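Trainee: sequence isn't available, so here's the structure alone:
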């Protein structure tokens with residue numbers, strides 16, 4: 001994984017690599033139970049199936065991220081979470097008989113945007129299923145057409 005930033009020294013705005021970036025180090029060893037390959041595999045699977053990625057961020061005593069734990073996106077709900085002194089935006093994870101409330105700042109979230117509805121995630125699996133459904137409907141139409149001796153339904157030819 002390469003983390004880049006837009007170079008400020010050049011007028012062309014080219015991108016420059018940041019080899020020691022904290023996010024890169026975090027993804028290289030996301031948590032005590034996952035390797036970089038396992039975390040990125042979970043990330044890609046989540047993106048392909050659901051179009052979005054969620055990971056819980058564990059922080060050290062100074063508030064800096066020290067671990068990322070991938071979350072099943074099918075178990076996540078967006079929510080308003082009421083706390084004693086405030087109401088904050090956040091997420092609710094429901095799974096395995098548990099419910100965990102997470103603040104927005106403690107969740108790494110990104111999505112592949114749908115160009116037709118940019119507020120929604122776009123999953124490659126959803127696109128593929130749409131193509132399969134269109135093909136199945138076309139096959140059913142052609143089958144019906146030939147079962148009706150090649151006469152379109154509703155033509156009423158005597």
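Mentor: Sure thing, it's come through. Quick caveat, the model's predicted, so the values are computed rather than measured. Residues are numbered from 1 along each chain as shown.
Trainee: next, the buried residues of stretch 110-121.
Mentor: Residues of stretch 110-121 classed as buried: 111, 121 (neighbour count, 16 or more other C-beta atoms under 10 Å). (C-beta placed from N, C-alpha, C; glycine too.)
Trainee: list the contacts of it.
Mentor: Contacts to stretch 110-121, defined as C-beta atoms under 8 Å, 6 or more residues apart in numbering, come from residues 47, 50, 51, 52, 53, 122, 123.
Trainee: and the fourth one, how many residues sit next to it?
Mentor: Think residue 52. 18 (other C-beta atoms under 10 Å).
Trainee: quick check: it vs residue 76, distance?
Mentor: For residue 52, the distance to residue 76 (C-beta to C-beta, to the nearest Å) stands at 8 Å.
Trainee: residue boundaries of the strands in the chain?
Mentor: Using DSSP state E, the strands assigned to the chain run over residues 4-6, 15-17, 52-59, 65-71, 76-83, 86-95, 98-103, 107-111, 113-114, 117-121.
Trainee: quick one: least confident helix or strand in this protein?
Mentor: The helix or strand with the lowest mean pLDDT-type score in the chain, counting by mean pLDDT, DSSP states H and E, is strand 76-83 (a mean of 73).
Trainee: contacts only, for the residue nearest the centre of the chain.
Mentor: Central residue of the chain (C-alpha atoms, centre = their mean): residue 52, 0.9 Å from the mean position. Contacts for residue 52 (C-beta under 8 Å, 6+ apart) come out as 46, 73, 109, 110, 111, 112, 121.
Trainee: fine by me, thanks again.
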